[in-house]
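Trainee: Got a predicted model here, sequence first, then my questions.
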There are 2 protein chains.
Amino acid sequence: MRREALKGHLDLLLLAVVAPGPTHGYAVIEELRRASGYVFDLPEGTIYPALHRLERAGFLASEWSTNEGRRRRVYSLTDRGREALDAQRQEWQAFAGAMQLVLRGAT
Amino acid sequence: MRREALKGHLDLLLLAVVAPGPTHGYAVIEELRRASGYVFDLPEGTIYPALHRLERAGFLASEWSTNEGRRRRVYSLTDRGREALDAQRQEWQAFAGAMQLVLRGAT
DNA sequence: CGTTGACACCTAGTAACACTAGGCATAGGG
DNA sequence: CCCTATGCCTAGTGTTACTAGGTGTCAACG
């Protein structure tokens, strides 16, 4: 996976992963890896800042929890986050569709 | 179309547009607009530097031509460009497939 | 004949973003 | 006791698409 491929689509992925229910950062990484069929194996330095950005944007809310002596920051999708998920999903479909159209024309 | 959506996929689009035959920059913009169903309407400041980058990378070759008093730089796909097109097309398919997998999991 | 618009090219600077490379801390197994 | 996995964080870097300008030709319109 090339470095720049994700640019602009990471937010959608994170919203989609958190959507089913509250998830902490480390689990987001693992779930993203699993759900993508091991295509997306993203480093922490990518995920954590992105989660912070989404929280600042009001799409995620977080709270600390503790599990077996380990502290976790658990993220949930806000209402605005769900709207953003829906909107960005549609944008993705439009984008991917247009990409396919152009690629189909290439010899 | 959000600003960042294209990041990392523009090169593939340009290679795909030039693939059918020699094309000049301005025509690339128009063809990209047409072929994408008017989803990709990219400014010159995006296309020209990208074409230069692809030429520097050895994926495109260019030469000047003149048509009705107007000079054009006409780009053609090199052998390495065709390899890159094939490789990036496969990468795109993998990427898009993984995106769909993750999105399918979201509630 | 001056202006407007389409055609056709160019580039310096900017903002955004994923990633690198570090750091800190706890728990459990060898 | 060290190593791995779990779990979080951030300053700095490199790439990239885009903004905002610039140059020049040609045809059409008033």
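Mentor: The structure has been received and is ready for your questions.

Trainee: Do the biggest helix by length in chain A and DNA strand C come into contact?
Mentor: Longest helix of chain A, by residue count under DSSP state H: helix A:79-105. No - applying CB under 7 Å from any atom of the strand, one finds helix A:79-105 separated from DNA strand C by no less than 11.2 Å. (Glycine included, C-beta is placed from N, CA and C.)

Trainee: so what secondary structure elements neighbour that helix?
Mentor: Counting contacts by 3 or more CB pairs under 8 Å, 6 or more residues apart in numbering or on different chains; DSSP states H and E, helix A:79-105 is packed against helix A:10-18, helix B:10-18, helix B:25-35, helix B:79-105.

Trainee: and of those, who's closest to DNA strand D?
Mentor: Nearest to DNA strand D among the helices and strands packed on helix A:79-105 is helix B:10-18 (3.2 Å), distances taken as CB to the nearest atom of the strand.

Trainee: I'd like to know the average pLDDT value across the closest one.
Mentor: The average of the pLDDT scores along helix B:10-18 is 98.

Trainee: got a list of contacts for that helix?
Mentor: The set of residues external to helix B:10-18 that reach it, using CB atoms under 8 Å, 6 or more residues apart in numbering or on different chains, is A:99, A:102-103, A:105-106, B:6, B:23, B:28, B:31-32, B:35, B:40, B:42, B:46-47, B:50-51, B:53-54, B:59-60, B:75-77, B:81, B:84-85, B:88-89, B:91-92.

Trainee: Surely A:Val102 touches B:Ser36?
Mentor: Yes - A:Val102 lies in contact with B:Ser36 (CB atoms under 8 Å); the separation is 5.3 Å.

Trainee: quick revisit: buried residues in the longest helix of chain A, which are they?
Mentor: If you call a residue buried by 16 or more other CB atoms under 10 Å in any protein chain shown, then helix A:79-105 has these buried ones: A:81, A:84-85, A:88-89, A:91-92, A:95-96, A:98-99, A:102-103, A:105.

Trainee: what about the closest residue to A:Glu63 other than its chain neighbours, which SS state?
Mentor: Closest residue in space to A:Glu63, ignoring its immediate chain neighbours: A:Val74 at 5.9 Å, by CB to CB, 6 or more residues apart in numbering or on different chains. Secondary structure, DSSP: H, G, I helix; E, B strand; the rest coil: A:Val74 is strand.

Trainee: Same check on A:Glu4?
Mentor: coil.

Trainee: so it touches B:Lys7, yeah?
Mentor: Yes - in this structure, A:Glu4 is within contact of B:Lys7 by CB under 8 Å, at 5.3 Å.

Trainee: joint contacts of those two?
Mentor: With the criterion set as CB under 8 Å, 6+ apart, the contacts of A:Glu4 and B:Lys7 do not overlap.

Trainee: Dump the helices and strands packed on helix A:79-105 into TSV; add distance to B:Glu68 as well.
Mentor: Listed next are those as TSV, based on distance: least, CB to CB, whole Å:
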stretch	distance to B:Glu68
helix A:10-18	45
helix B:10-18	22
helix B:25-35	13
helix B:79-105	28
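
Trainee: can you list these in TSV and add distance to DNA strand D?
Mentor: Shown next, in TSV, are the helices and strands packed on helix A:79-105 (distance: least, CB to the nearest atom of the strand, whole Å):
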stretch	distance to DNA strand D
helix A:10-18	12
helix B:10-18	3
helix B:25-35	9
helix B:79-105	11
